[in-house]
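1. Next input, structure requested:
(one chain, ligands or ions: 1)
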Amino acid sequence: MALDPLQRLITAFQAAILVVGGDEFQGSNPAIRPAAKPEHGDYQCNAAMAVAKHLGRPPREVAEELIAAVDLSELAETPEVAGPGFINIRLLDGVLVDAVSAMDTDDLGVVRDEDAGTVVIDMCGVNVAKQMHVGHLRSTIIGDAFARILTRLGHDVYRENHLGDWGLPIAMVLYVLRRDGRDFSSITLNDLDETYRAVQAVAKADFQGLAAAKDKQVGPHRIAELEEQNAGAIEMRTAAGETLVALQSGQSDLVDNWQSLIDVTLGSMDSALDMLDIKMGPETNRGESFYRNRLQAVLDTFESNNLCVQDDGATIIRFNDRKRPLLIRKTDGGFLYATTDLAACQYRTQETQATRCVYVVDARQKDHFQDVFEAAALAGWNTTPSGQTVTFSHTGFGSVLGNDRKPLKTRGGKNVTLASLLHEAINRGCQEVHMRAEDPHAPTHGLCDDELDAIGRAVGIGAVKYADLSNDLVRDYIFDLDRMVAFEGDTGPYLQYAYARIQSITRKGGDDGQDAALHISHLEERLLILCLMKWNNVVHSASDNLEPHRIATYLRSLAAAFNAFYQACPVLKASSAELRRSRLRLADLTGRVLADGLDLLGIGSPSRM
Ligand code: ARG
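-> So this is what the prediction gives:
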C-alpha cells in the first residue's frame with residue numbers, strides 16, 4: 001500500500017523545515033493537524049510559529065518560505081497561509097480517492113505490527129467458591145478488548161485466567177463443607193459463596209497477623225490477603241491447615257471435592273462469559289493451583305541468587321527505593337499470592353515465551369504488581385530464553401458505581417452478582433428492541449421473537465461493554481442501564497444503530513457500489529473520507545496505549561461524519577448513477593469500519609435494529 005497521505009505530508013514538511021530552519025530541526029515534528037476549519041483545507045501545518053521563534057523572524061514570512069520549499073507534487077494543492085502563520089493544506093482529490101480505495105480490503109487498511117509477538121493477557125481472575133463480581137466483569141471485558149485489538153495487529157494472544165483456586169481460604173471452605181457433611185454433587189455457587197463468607201467472618205476475628213502486616217507496611221492487597229489467610233479462629237485455621245496439607249499431598253477424596261468446587265465456579269463463570277460472548281477456554285484457565293509445584297523452585301531461584309533475605313523466619317525480597325518488601329514465604333513455610341504470581345511470570349516468559357504480559361486487575365493491586373514485576377526482573381524473567389525483552393504492565397481500572405455513586409449493591413445491600421447484572425442488561429436490550437419492532441416502519445418489524453431476542457441481547461451486552469470501554473479505564477462509571485441502552489447519546493446501541501442504518505441503505509443499493517469509482521462532490525463527502533482514512537492510526541494508538549476508548553471516540557466521530565454526509569449527499573437518490581455508486585461504496589466502507597471497530601471492543605453489530 002502506498003504511504004498514507006498524512007505520513008507523506010509529515011515527511012514533506014520535515015524536509016521543508018530543514019531547508020528553512022536549518023539543521024537544528026533535524027527530525028522535528030512538523031505539527032500537522034486536522035484542519036480547524038474544514039472549508040479551508042484538510043490539514044494544517046503549525047510548524048511556522050516554532051521555526052520563526054527560533055529564527056527570530058515573523059511567522060507568516062517563515063510560513064511563506066516553508067510553502068516555497070515544500071514539495072507537495074502529486075499530493076496536495078499549493079497551501080495557503082492563514083492567521084498568524086498556519087499553513088492550510090488541501091490534498092488532491094485523487095490522493096484521497098486512492099487512499100480510501102486502498103482501504104477497501106478485508107483488513108480495512110489496518111497494517112499489522114512489524115514486531116508482533118506473543119502476548120499474555122491476565123484477565124478475569126475469578127476466585128473459586130465466590131460469586132463473580134463487577135470487578136471481574138471489568139477485567140474480563142477490558143482484557144478481551146485488549147486481546148482483540150492485539151490479535152488484529154498480528155500478535156499471538158493468550159487470555160490467561162489466573163483463577164484463585166488454591167490456598168488456605170479454599171481449604172477452609174472445603175473443611176467446613178466436609179465437617180458439615182454437605183453433598184458435593186449438588187452444591188451450588190450460592191452455597192459456596194455463603195460458606196466462604198462465613199469462613200471469612202470467623203477469620204476476620206483475629207487481627208494479630210494483620211497488625212503485624214501493617215507494621216511492615218505491606219500493600220493493601222496483601223493485607224486483605226492476610227485478613228483472609230492469617231487470621232481466624234485457631235481451631236479452624238489448624239483444621240483448614242491440615243486440609244490444605246492433605247489436599248497438597250493429593251488425598252484423592254479431598255482432591256475430588258476440591259474439583260467439585262472448581263467445576264461449580266467455572267460452570268457459572270462460563271455462563272457469564274457466554275452471555276458476554278467472550279471465550280476463555282480451559283486451556284488458559286491456569287489458576288493458582290497450576291503453579292503449586294513451581295513455588296519451591298521460585299524460592300530456590302531467589303535464594304540461590306541472593307535476591308532475598310530472611311526476616312523473622314519469613315523470606316522477603318527488598319527493593320532499593322522503598323521500605324515495603326515483597327513477602328514470598330511466610331514464617332510457617334507457606335507460600336503466598338505473590339509467590340504464585342512470580343511462578344506465573346516465570347512460566348509466561350520462559351515457557352510461553354511471551355514478550356508482553358498485561359495484567360488487567362483492579363487498581364488496588366497496583367503495589368502488588370509493581371513488586372512482582374520488579375522481583376521477576378531481578379530473577380531475569382524480563383528476558384525470554386531467546387533473548388527478547390519482556391514488558392510487564394498492569395492496567396488497573398475504576399469501580400462500577402450505582403446511581404447513588406456508591407459501589408454497586410443490590411437492594412438488600414449485598415454485592416451485585418455478575419449474572420444478575422448481565423441478565424438485567426439483556427432484558428433491557430430485548431425490551432427496547434421489541435418495543436421498536438412494533439412500529440410498522442421499523443426494519444425489525446415482523447421479525448420473529450428469537451430474532452428480536454438475539455438483537456436485544458447484542459444491544460444489552462453491547463451497552464455494558466461500551467460503558468466499560470468508552471472512557472479512561474481508571475475512571476469509575478455509573479451503571480445506569482437506562483442511559484446505557486439508549487439509542488441516542490454516548491452509548492454502544494447508538495453506534496450499533498448507526499451501523500444498522502447504513503446496512504439498510506446498502507441493502508437497498510445492492511452490489512452497485514462495489515469497486516465503484518469514487519467522486520468527491522461535497523465537503524461532507526471529503527470529511528467522511530478523511531475520517532475513514534484515520535482507521536489504521538486509531539487502531540495502532542489504541543494498541544500502543546492500551547486505550548480502547550480511542551476506538552470508541554473515533555467510532556463516534558465516524559458515525560457523526562456519516563450522518564452529516566448522509567444529510568448533504570443523497571445516496572440512493574443521488575443525481576447520477578455514477579454518484580449513487582460512489583456514495584454506496586462510501587456507505588459500505590463506513591459500515592464495515594464501524595463493525596470492525598465495534599468488534600474490537602467485543603460488541604456485536606446486528607444488521608437490523
Ligand atoms: N483472583 C484475584 C482477585 O480476585 C485476581 C487475579 C489477578 N491475576 C493475577 N495474576 N494475580 O483479586
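2. So, low pLDDT: which residues of this protein?
-> Filtered on pLDDT under 70, the chain yields the residue ranges 1-2, 203-219, 222-234, 410-415.
3. Residue numbers of it in contact with the ligand?
-> By C-beta under 6 Å from any ligand atom, the residues of the chain that approach the ligand are Asp122, Gly125, Asn127, His162, Gly164, Asp341, Ala344, Tyr359, Val361. For the C-beta atoms, the positions are set from N, CA and C on the backbone; glycine is no exception.
4. Report the closest residue of the stretch 101-250 of the chain relative to the ligand.
-> Closest approach between the stretch 101-250 of the chain and the ligand, counting by C-beta to the nearest ligand atom: Gly125, at 3.0 Å.
5. Just give the nearest non-adjacent residue to that residue, would you?
-> Of all residues not flanking Gly125 in the chain, His162 sits nearest, at 4.9 Å (C-beta to C-beta, 6 or more residues apart in numbering).
6. Now do the SS call for the one you found.
-> When classified by DSSP: H, G, I helix; E, B strand; the rest coil, His162 comes out as coil.
7. for the one 10 residues further on, same thing?
-> When states are read from three-state DSSP, the local structure at Met172 comes out as helix.
8. That one - how many residues pack around it?
-> 28 (other C-beta atoms under 10 Å).
9. what does Met103 give?
-> For Met103, the neighbour count with other C-beta under 10 Å is 21.
10. And the closest residue to it other than its chain neighbours, how far from Pro5?
-> If you skip the residues right next to it in sequence, Met103 has Gly109 as its closest partner in space, 3.5 Å away by C-beta to C-beta, 6+ apart. Distance of Gly109 to Pro5, given as C-beta to C-beta, to the nearest Å: 12 Å.
11. if I look at the two, which residues touch both of them?
-> In terms of C-beta atoms under 8 Å, 6 or more residues apart in numbering, Gly109 and Pro5 are both contacted by the residues Met533.
12. before we move on, back to that, narrow the residues of the chain next to the ligand to those in helices?
-> Asp341, Ala344 (DSSP state H).
13. Tabulate the residues of the chain next to the ligand (a markdown table), appending neighbour count.
-> Below are those laid out as a markdown table (neighbours: other C-beta atoms under 10 Å):
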| residue | neighbour count |
| --- | --- |
| Asp122 | 25 |
| Gly125 | 23 |
| Asn127 | 20 |
| His162 | 24 |
| Gly164 | 19 |
| Asp341 | 26 |
| Ala344 | 27 |
| Tyr359 | 26 |
| Val361 | 26 |
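14. Including distance to Tyr196, could the residues of the chain next to the ligand go into CSV?
-> Below are the residues of the chain next to the ligand laid out as CSV (distance: C-beta to C-beta, whole Å):
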residue, distance to Tyr196
Asp122, 23
Gly125, 16
Asn127, 8
His162, 18
Gly164, 11
Asp341, 21
Ala344, 23
Tyr359, 24
Val361, 20
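15. Backbone dihedrals for His133, please?
-> phi -120, psi -180 (degrees, to the nearest 10).
16. In this structure it contacts Val416, no?
-> Yes. In terms of C-beta atoms under 8 Å, His133 counts as a neighbour of Val416; the distance is 7.2 Å.
17. Does the spatially closest residue to Asp453 that is not a sequence neighbour lie in a helix or a strand, and which?
-> What sits nearest to Asp453 in space, not counting adjacent residues and going by C-beta to C-beta, 6+ apart, is Cys430, at 5.5 Å. In this structure, Cys430 sits in helix 418-437 according to DSSP states H and E.
18. which parts of that helix are buried?
-> Across helix 418-437, burial judged by 16 or more other C-beta atoms under 10 Å covers 418-419, 421-422, 425-426, 428-430, 432-434, 436-437.
19. count of neighbours near the residue nearest to Val70 when sequence neighbours are not counted?
-> In this structure, Val70 finds its nearest non-sequential neighbour in Ala16, 3.8 Å apart by C-beta to C-beta, 6+ apart. The number of residues packed near Ala16 is 24, by other C-beta under 10 Å.
20. check which helix or strand covers Ala16.
-> Element membership for Ala16, per DSSP H and E: helix 5-21.
21. Quick one: list the elements packing against that helix.
-> Applying 3 or more C-beta pairs under 8 Å, 6 or more residues apart in numbering; DSSP states H and E, we find helix 5-21 packed against strand 32-34, strand 43-45, helix 47-55, helix 59-69, helix 93-102.
22. Comparing these, which comes out most buried?
-> When you average the neighbours per residue for each of the helices and strands packed on helix 5-21 (mean count of other C-beta atoms under 10 Å), strand 43-45 leads with a mean of 23.
23. which other helices and strands contact that strand?
-> With contacts taken as 3+ C-beta pairs under 8 Å, 6+ apart, strand 43-45 sits against helix 5-21, strand 32-34, strand 86-89.
24. who touches that strand?
-> For strand 43-45, the external contacting residues (C-beta under 8 Å, 6+ apart) are 6, 9, 13, 30-36, 66, 79, 82, 86-89, 91.
25. That one pairs with which strands?
-> Sheet pairing of strand 43-45 (DSSP bridges) gives strand 32-34 (antiparallel), strand 86-89 (antiparallel).
26. separation between Ala145 and Ile121?
-> In this structure, Ala145 and Ile121 are 10 Å apart, going by C-beta to C-beta.
27. Oops, could you answer that again for Val62 instead?
-> For Val62, the distance to Ile121 (C-beta to C-beta) stands at 48 Å.
28. Let me see the contact set for Val110.
-> Val110 is in contact with Arg152, Leu153, Trp535, Asn536, Val539, Asp596, counting by C-beta under 8 Å, 6+ apart.
29. Was I right to think the second one contacts Asn536?
-> What that stands for is Leu153. No. Assessed by C-beta under 8 Å, Leu153 is found out of contact with Asn536, at 10.0 Å.
30. Kindly confirm my reading that Arg294 is in a strand.
-> No. Counting by three-state DSSP, Arg294 falls outside a strand, being helix.
31. Was I right to think it contacts Cys345?
-> No. Counting by C-beta under 8 Å, Arg294 does not reach Cys345; the two are 10.8 Å apart.
32. Comparing these two, which residue is more hemmed in?
-> More neighbours surround Cys345 than the other of Arg294 and Cys345, with 25 against 17 (other C-beta under 10 Å).
33. which residue sits closest to the more buried one, ignoring its sequence neighbours?
-> Of all residues not flanking Cys345 in the chain, Ala376 sits nearest, at 3.9 Å (C-beta to C-beta, 6+ apart).
34. can you tell me the residue of the stretch 451-600 of the chain closest to the ligand?
-> Leu473 (15.6 Å).
35. quick revisit: neighbour count winner among Leu153 and Asn536?
-> Legend: neighbour count by other C-beta under 10 Å for Leu153 and Asn536, higher for Leu153 (19 against 16).
36. Could you pull out the buried residues of stretch 543-558?
-> The neighbour-count check on stretch 543-558 (16+ other C-beta under 10 Å) flags 543, 546-556, 558 as buried.
37. For the residues you listed, could you give me TSV that also reports distance to Ile262?
-> Formatted as TSV, those follow (distance: C-beta to C-beta, whole Å):
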residue	distance to Ile262
Ser543	34
Leu546	30
Glu547	34
Pro548	31
His549	35
Arg550	37
Ile551	35
Ala552	35
Thr553	40
Tyr554	41
Leu555	39
Arg556	42
Leu558	44
